[in-house]
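K.L.:
All I have is the shape, not the residue letters:
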Ligand code: GDP
Ligand code: IMO
Ligand code: MG
């Protein structure tokens, strides 16, 4: 049962979209499993650059069926906008299927997200303000609206009436926000439901049937394990579970059906939004990584914070996810930096930690312990195999493998879909 999961192993934006796109050429299915339009996955091709927020990154391959799984919080307007943009560029969405069980980002969710962030003041999480957190909170509180609800106008009005009354009362009482109009919202959602109905399906059973026939299935995680609601830098996290277990749940795949988990890491680290970041660089090297690595949010355009590769964090997320392979991206961005540093431990109050601490105040205080490796001056972006990389670059890769105990199977040396090397030496 060949299911492969692709996950972020840091704080997001590791280049998951590019990796999924490269696998999708030979995939039967790509399933996006969690998150919402807070995600931004980039694929660079000869036809131009594509930025996907909700649509799975396999959509450019016509033979691949792309599924938005039940674990995704679906913003119908953003999705329809993405579909329209793809059509305008000549990309078909005929193979797009959406789980009827997806919860919807409702018009009040981004509003609530913004108001809550403002109320947090200096403690703001730095969310993408796409309504992600409020939508998942409502889902768990059992006052969510699902895709299956809006394709049936009668069911929609029955379900929306009490939910909207409660939401209006809450937003009014806490933030003095004017109420949303019930009739206007019902009509708007019914119209969206009509457009989305042709894409809606019982995707979980379609995928299970395909797996019975040995289909080649890839699961595309959004965000990353360090943003996980349970295992990330809580409360500076997202509101879903971007771990291997979490994306199984979101995709409708059983853990026993998975045989490969690919953890994607940048050759350095970036983070967008607030929260601990032990290896953060606020000096000229950090600025160089941001500018040279084009580290600006795919979804919000915010500058990303940057820092050295953190093997403590990477090992922690690899273990939690049961990673079998590493995809190391943006390797080319380290070209010309000497030395290159890897954080191999955290020191806290004189003790050495081998994994991130659970308490955020401790996390803020840890001092990274660095190992310095020689840099390389030769550019790597034109390399077509591992053996063509400079010796120091190959040593950097092997050191990461040693520290994590997992093979680096792919190395990204540029944004284009073809700039992806096999991490194994030819010998
Ligand atoms: P995702 O959210 O994990 O899919 O990653 P994003 O698309 O948000 O951010 C990754 C950025 O790095 C995008 O602009 C990609 O085009 C780019 N990228 C991906 N892999 C590489 C690589 O190996 N080298 C370089 N230079 N850029 C890359
Ligand atoms: P991809 O899939 C990077 C971050 C936000 C914020 C925190 C909570 O492209 O890797 P949210 O809007 O989810 O409530 O914000 O999570 N965040 C991401 N950071 N990449 C992402 O997605 C992210 N999705 C959310 O910046 O710190
Ligand atoms: Mg991204």
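P.N.:
Everything's here; your move. It should be emphasised that the depicted structure is a prediction, and the values quoted were computed from it without experimental measurement. Numbering: from 1, shown residues only. Ligands and ions are numbered 1, 2, ... in the order given.
K.L.:
For the residue of the stretch 251-400 of the chain found nearest ligand 3, which residues are in contact?
P.N.:
Scanning the stretch 251-400 of the chain for proximity to ligand 3 using Cβ to the ion identifies residue 298 as nearest, at 4.4 Å. To be clear about C-beta, it is placed using only N, CA and C from the backbone, and glycine gets the same treatment. Residues near residue 298 by Cβ atoms under 8 Å, 6 or more residues apart in numbering: 13, 40-42, 51.
K.L.:
same deal with residue 35?
P.N.:
Applying Cβ under 8 Å, 6+ apart, we find residue 35 in contact with 72-73, 132, 222-223, 238, 240, 242.
K.L.:
repeat for residue 368
P.N.:
Shown in contact with residue 368 (Cβ under 8 Å, 6+ apart): 278-279, 308, 310, 312, 343, 345-347.
K.L.:
Looking at those residues, point me to the pair that's furthest apart.
P.N.:
308 and 347 (15.1 Å; Cβ to Cβ).
K.L.:
More neighbours: which of the two?
P.N.:
Just comparing residue 308 and residue 347: by other Cβ atoms under 10 Å the higher neighbour count belongs to residue 308, 25 against 14.
K.L.:
so what's residue 1 scoring on pLDDT?
P.N.:
Each residue has a pLDDT score; the one for residue 1 is 53.
K.L.:
re earlier: can you tell me which of the contacts of residue 298 has the most neighbours?
P.N.:
residue 13 (28 neighbours).
K.L.:
Just grab the bridge partners of the residue lying closest to that residue once chain neighbours are set aside for me.
P.N.:
Leaving aside its chain neighbours, residue 13 sits nearest to residue 270 (5.8 Å; criterion: Cβ to Cβ, 6 or more residues apart in numbering). Beta bridges link residue 270 to residue 306, judged by DSSP bridges.
K.L.:
which residues are there in the stretch 301-427 of the chain that come within reach of ligand 2?
P.N.:
By Cβ under 6 Å from any ligand atom, no residue of the stretch 301-427 of the chain approaches ligand 2.
K.L.:
Can you show me the helices along the stretch 301-427 of the chain?
P.N.:
311-321, 360-365, 391-404 (DSSP state H, counting those that start in this stretch).
K.L.:
Which strands or helices does the longest one pack on?
P.N.:
By that I understand helix 391-404. The contact analysis (3 or more Cβ pairs under 8 Å, 6 or more residues apart in numbering; DSSP states H and E) places helix 391-404 against helix 311-321, strand 325-329, strand 340-348, strand 367-373, strand 408-412.
K.L.:
helix, strand or coil for the spatially closest residue to residue 363 that is not a sequence neighbour?
P.N.:
Counting by Cβ to Cβ, 6+ apart, residue 363 lies nearest to residue 276, which is 3.9 Å off, once chain neighbours are set aside. Per DSSP: H, G, I helix; E, B strand; the rest coil, the secondary structure class of residue 276 is coil.
K.L.:
Now do the phi/psi pair for residue 276.
P.N.:
phi -60, psi 150 (degrees, to the nearest 10).
K.L.:
Find the closest residue to ligand 2 in the chain.
P.N.:
Residue nearest to ligand 2 within the chain (Cβ to the nearest ligand atom): residue 273, separated by 2.1 Å.
K.L.:
lowest-confidence helix or strand of this protein?
P.N.:
helix 360-365 (a mean of 92; mean pLDDT, DSSP states H and E).
K.L.:
coming back round to it: columns secondary structure and pLDDT on top of the contacts of residue 298, output as JSON lines?
P.N.:
What follows is the contacts of residue 298, written out as JSON lines (DSSP: H, G, I helix; E, B strand; the rest coil; pLDDT from 0 to 100):
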{"residue": "13", "secondary structure": "coil", "pLDDT": "97"}
{"residue": "40", "secondary structure": "coil", "pLDDT": "96"}
{"residue": "41", "secondary structure": "strand", "pLDDT": "98"}
{"residue": "42", "secondary structure": "strand", "pLDDT": "97"}
{"residue": "51", "secondary structure": "strand", "pLDDT": "97"}
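K.L.:
among those residues, which are in reach of ligand 2?
P.N.:
Answer for those near ligand 2 (Cβ under 6 Å from any ligand atom): 13, 40-41.
K.L.:
tell me which of those is nearest to residue 61?
P.N.:
residue 41 (14.4 Å).
K.L.:
helix, strand or coil for the residue of the stretch 251-400 of the chain closest to ligand 3?
P.N.:
coil.
K.L.:
Spell out which residues of the stretch 1-150 of the chain are next to ligand 2.
P.N.:
So the stretch 1-150 of the chain meets ligand 2 at 8, 11-13, 35, 38-41, 125-128, 130, 132-133 (Cβ under 6 Å from any ligand atom).
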